[in-house]
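Participant: I need the structure of the sequence given here:
(chains A and B)
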Number of protein chains: 2
Amino acid sequence: MKLFTFWRSQATYRVRIALALKGLQYDSEYIDLLKGHQFSDAYDAVNPGHALPTLIDGDGPPLVESLAILEYLDEKHPELPLLPADLRDRAHARAVAQLLASDTHPFIVPRVRKYLEKELGLDEAKRTAWLRHWLETGSHAVETVLTRDARTGRFCCGERPTIADLCLVPHFVSAGMLVQMDLGAYPTCKRIFENCMALDAFSNTQPVKQPDCSPGH
Amino acid sequence: MKLFTFWRSQATYRVRIALALKGLQYDSEYIDLLKGHQFSDAYDAVNPGHALPTLIDGDGPPLVESLAILEYLDEKHPELPLLPADLRDRAHARAVAQLLASDTHPFIVPRVRKYLEKELGLDEAKRTAWLRHWLETGSHAVETVLTRDARTGRFCCGERPTIADLCLVPHFVSAGMLVQMDLGAYPTCKRIFENCMALDAFSNTQPVKQPDCSPGH
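Facilitator: All right, here's what the predicted structure looks like:
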């Protein structure tokens, strides 16, 4: 398998965790989102949405969209499942994942930050306020959901990592990088985050441990 | 079952189509997103993310997030599946759905339009340009994906509706309502849209046919 990746990409970090949890080997091809490499003709041929990640698995068409890739990996390699067995619990894990991946993450990606700066002419303070607003809204929502729900355990949905955790950890790592978000305001998320980061699959795949990491970037 | 719904809600329209395709009966409770009913204490108890839709199925906890609800309905009622059988095709259908539901729809929801107006003080022309930009970006991406992919058939992924179509139709209906988007620029999407709208499950559940529809609203 080959994964098109970028160290800071929140969506790609989700897939790196899944591949690590399932013990799947892959090669990496680095796409620098901040330098616009996603708009190259070569990458457009692979992913017309110009987003990360893309996973190539054998001869089939490229696989795109992180949550679709997570479901694919889970269906193809069902050992150590990324979803609970019970139907309602599966819906819950997927809902927590969506709360972060669909309702929060879209607002902080490079193409949006670029629009705010270039098209709307917002200064840095207003751009940071935008990022902080949506990151805090999403963090608050997921903290409320997890604190209220009886299924919350060592991880977001029970005692094993699910796709919800694969979205939660990258969300807070991105929030830390972008607006120095303090996890202290979200105690349930903080506890789960720390339980996840105690696992190699979450820790070794984090942005700052990627070969293409360029911290001042 | 009970569905919390609003006629204009793109995400709820996806679920209304799924329920209709599968022939499932439900009661509706109307939440006017433009009047802020999603922030009431009663709705917060059901959905702390303050978003639509929410589905109540029996005595279990409320089900939230449209794509998680679609997967739940498909797993619980597998007749007339909303996903193809092949693993890669399932990933493809989910990816097209995400391209619209996660990469496009978040930018046009009421809470974002409110932020643009109240926090950033953007005039109507700039707010409309924002909506048009993201709706066109998403439409272009999905048109490119569907035009290139050999699996595109009468519907987004083959000859039967999948979750991809359940996202495509509500996307273009929203785009029509918000910025009078012309489907002519997206011929593959237009063809599939028309094939879907020939089905009662897509046509009868559309926003303008909802009991709470208020067109000047």
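Participant: where do the helices sit along chain A?
Facilitator: For chain A, applying DSSP state H gives helices covering A:10-21, A:41-46, A:66-76, A:87-101, A:110-114, A:124-148, A:163-179, A:187-197, A:200-203.
Participant: Now distance to B:Ala97 and mean pLDDT too, for these, in TSV please.
Facilitator: Backbone N, C-alpha and C define where each C-beta goes, glycine included. Shown next, in TSV, are the helices of chain A (distance: least, C-beta to C-beta, whole Å; pLDDT from 0 to 100):
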stretch	distance to B:Ala97	mean pLDDT
helix A:10-21	15	98
helix A:41-46	19	93
helix A:66-76	8	98
helix A:87-101	11	97
helix A:110-114	20	93
helix A:124-148	20	97
helix A:163-179	15	97
helix A:187-197	27	98
helix A:200-203	27	98
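Participant: mind putting the ones you listed in a markdown table, distance to B:Ser28 and mean neighbour count included?
Facilitator: Output for these, formatted as a markdown table (distance: least, C-beta to C-beta, whole Å; neighbours: other C-beta atoms under 10 Å in any protein chain shown):
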| stretch | distance to B:Ser28 | mean neighbour count |
| --- | --- | --- |
| helix A:10-21 | 34 | 25 |
| helix A:41-46 | 42 | 12 |
| helix A:66-76 | 28 | 22 |
| helix A:87-101 | 20 | 25 |
| helix A:110-114 | 34 | 16 |
| helix A:124-148 | 24 | 18 |
| helix A:163-179 | 29 | 24 |
| helix A:187-197 | 33 | 17 |
| helix A:200-203 | 41 | 16 |
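Participant: I'd like those laid out as TSV, including distance to B:Pro207.
Facilitator: Formatted as TSV, those follow (distance: least, C-beta to C-beta, whole Å):
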stretch	distance to B:Pro207
helix A:10-21	30
helix A:41-46	34
helix A:66-76	26
helix A:87-101	22
helix A:110-114	26
helix A:124-148	25
helix A:163-179	30
helix A:187-197	35
helix A:200-203	41
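Participant: of all those helices, which lies closest to B:Gly158?
Facilitator: helix A:66-76 (16.2 Å; C-beta to C-beta).
Participant: and chain A, what are its domains?
Facilitator: Domains of chain A are assigned by automatic domain parsing as A:2-80, A:87-203.
Participant: now the end-to-end length of the longest one.
Facilitator: The distance separating the two terminal residues of domain A:87-203, taken as C-alpha to C-alpha, to the nearest Å, comes to 29 Å.
Participant: who's in contact with A:Leu52?
Facilitator: Contacts were defined as C-beta atoms under 8 Å, 6 or more residues apart in numbering or on different chains; by that measure A:Leu52 touches A:Phe4, A:Thr5, A:Phe6, A:Ser9, A:Ala11, A:Thr12, A:Ile31, A:Leu33, A:Gln38.
Participant: Distance check, it against chain B.
Facilitator: The spacing between A:Leu52 and chain B, counted by C-beta to the nearest C-beta, to the nearest Å, is 12 Å.
Participant: my read: A:Ile192 touches A:Phe155, true?
Facilitator: Yes: at 5.8 Å, A:Ile192 and A:Phe155 qualify as touching, with contact defined as C-beta atoms under 8 Å.
Participant: Now list whatever residues contact both of the two.
Facilitator: If you check A:Ile192 and A:Phe155 against C-beta under 8 Å, 6+ apart, the residues they both contact are A:Asp165.
Participant: Next up, phi/psi of the most far-flung residue of chain A relative to its centre, please.
Facilitator: Farthest-out residue of chain A from its mean C-alpha position, per C-alpha atoms, centre = their mean: A:Gly121, at 27.9 Å. Dihedral angles of A:Gly121 (phi, psi; degrees, to the nearest 10) stand at phi 60, psi 30.
Participant: picking that back up, nearest to A:Cys213, out of the helices of chain A?
Facilitator: Of all the helices of chain A, helix A:163-179 comes closest under C-beta to C-beta, at 10.8 Å.
Participant: rewinding a little: would JSON lines of the helices of chain A with distance to chain B be doable?
Facilitator: JSON lines is the format used below for these (distance: least, C-beta to the nearest C-beta, whole Å):
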{"stretch": "helix A:10-21", "distance to chain B": "9"}
{"stretch": "helix A:41-46", "distance to chain B": "8"}
{"stretch": "helix A:66-76", "distance to chain B": "4"}
{"stretch": "helix A:87-101", "distance to chain B": "4"}
{"stretch": "helix A:110-114", "distance to chain B": "8"}
{"stretch": "helix A:124-148", "distance to chain B": "4"}
{"stretch": "helix A:163-179", "distance to chain B": "10"}
{"stretch": "helix A:187-197", "distance to chain B": "12"}
{"stretch": "helix A:200-203", "distance to chain B": "21"}
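Participant: picking that back up, with the contacts of A:Leu52 in mind, which one is nearest to chain B?
Facilitator: A:Ala11 (9.1 Å; C-beta to the nearest C-beta).
Participant: What sits closest to the closest one if chain neighbours are left out?
Facilitator: A:Ser66 (4.0 Å; C-beta to C-beta, 6 or more residues apart in numbering or on different chains).
Participant: B:Ala164: which of the domains of chain A is closest?
Facilitator: domain A:2-80 (10.3 Å).
Participant: measure that closest one end to end?
Facilitator: In terms of C-alpha to C-alpha, the two terminal residues of domain A:2-80 are separated by 21 Å.
Participant: what's the spacing between that domain and its chain's center?
Facilitator: 11 Å (C-alpha atoms, centre = their mean, to the nearest Å).
Participant: what residues are up against the residue lying closest to A:His105 once chain neighbours are set aside?
Facilitator: The shortest distance from A:His105 to any non-neighbouring residue, by C-beta to C-beta, 6+ apart, is to A:Gln10 (5.7 Å). Going by C-beta under 8 Å, 6+ apart, A:Gln10 touches A:His105, A:Ile108, A:Pro170, A:His171, A:Val173, A:Ser174.
Participant: does the first one really touch A:Val173, like I thought?
Facilitator: If I follow you right, that is A:His105. No: between A:His105 and A:Val173 there is no contact under C-beta under 8 Å: 11.7 Å.
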